[in-house]
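>>> this one's structure only:
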């Protein structure tokens, strides 16, 4: 099961920011901070995504992707490695915040892609690019219940995470698809707590 409808919940361009999906509530402060971000200057060691979810819903390494594009010249995807529970303050009880970064094996390729994108952007007529974070899967440790299932997305581009958006997952992917999120199972290792 893929949560691909949430795929373009967050996009960062050099001159523009796009949030796609009517089921997304955008933080004005986060949007202002995001508009100042140049994805081609980000340090992959610092770049982090944190997602607040109900405690029964988990992301595993590979359930998230970061995509970097420049017009029709570059289109690269990078696996997000879930590293644990993050220190971002929860907005409600019975929720947790999972943090993810570009997987170690993809960080060098991310920097090479940034360099290629900077070179492409310097050429006249290249157009803008985007950086997109996608949730492409998940698993659950128990039934998700019948109410709304909210995900709050945070981004860290320097020293601290900032709140970017809240997504109603049921509205984004359909309640039927949400009910089909598979169980995590005993063989799926849940991430250890970390504060990076």
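In hand now; what should we look at? Just so you know, these numbers come straight off a predicted model, no measurement behind them.

>>> for residue 183, give me its contacts.
By Cβ atoms under 8 Å, 6 or more residues apart in numbering, residue 183 lies in contact with 139, 140, 141. To be clear about C-beta, it is placed using only N, CA and C from the backbone, and glycine gets the same treatment.

>>> isn't the last one right up against residue 58?
Yes: in this structure, residue 141 is within contact of residue 58 by Cβ atoms under 8 Å, at 6.6 Å.

>>> shared neighbours, these two?
Taking Cβ under 8 Å, 6+ apart as the criterion, residue 141 and residue 58 both touch residue 184.

>>> give me the more crowded residue out of the two.
Set side by side, residue 141 and residue 58 show more neighbours around residue 58, with 20 against 15, by other Cβ atoms under 10 Å.

>>> just name the shakiest helix or strand of this protein by mean pLDDT.
strand 17-18 (a mean of 32; mean pLDDT, DSSP states H and E).

>>> for the nearest residue to residue 132 once chain neighbours are set aside, what is the enclosing helix or strand?
Spatially, and ignoring its direct neighbours in sequence, residue 132 is nearest to residue 67 (4.4 Å; Cβ to Cβ, 6 or more residues apart in numbering). Using DSSP states H and E, residue 67 falls within strand 64-70.

>>> and the next element down the chain from that strand?
Where DSSP H and E defines the elements, the next helix or strand beyond strand 64-70 is strand 74-85.
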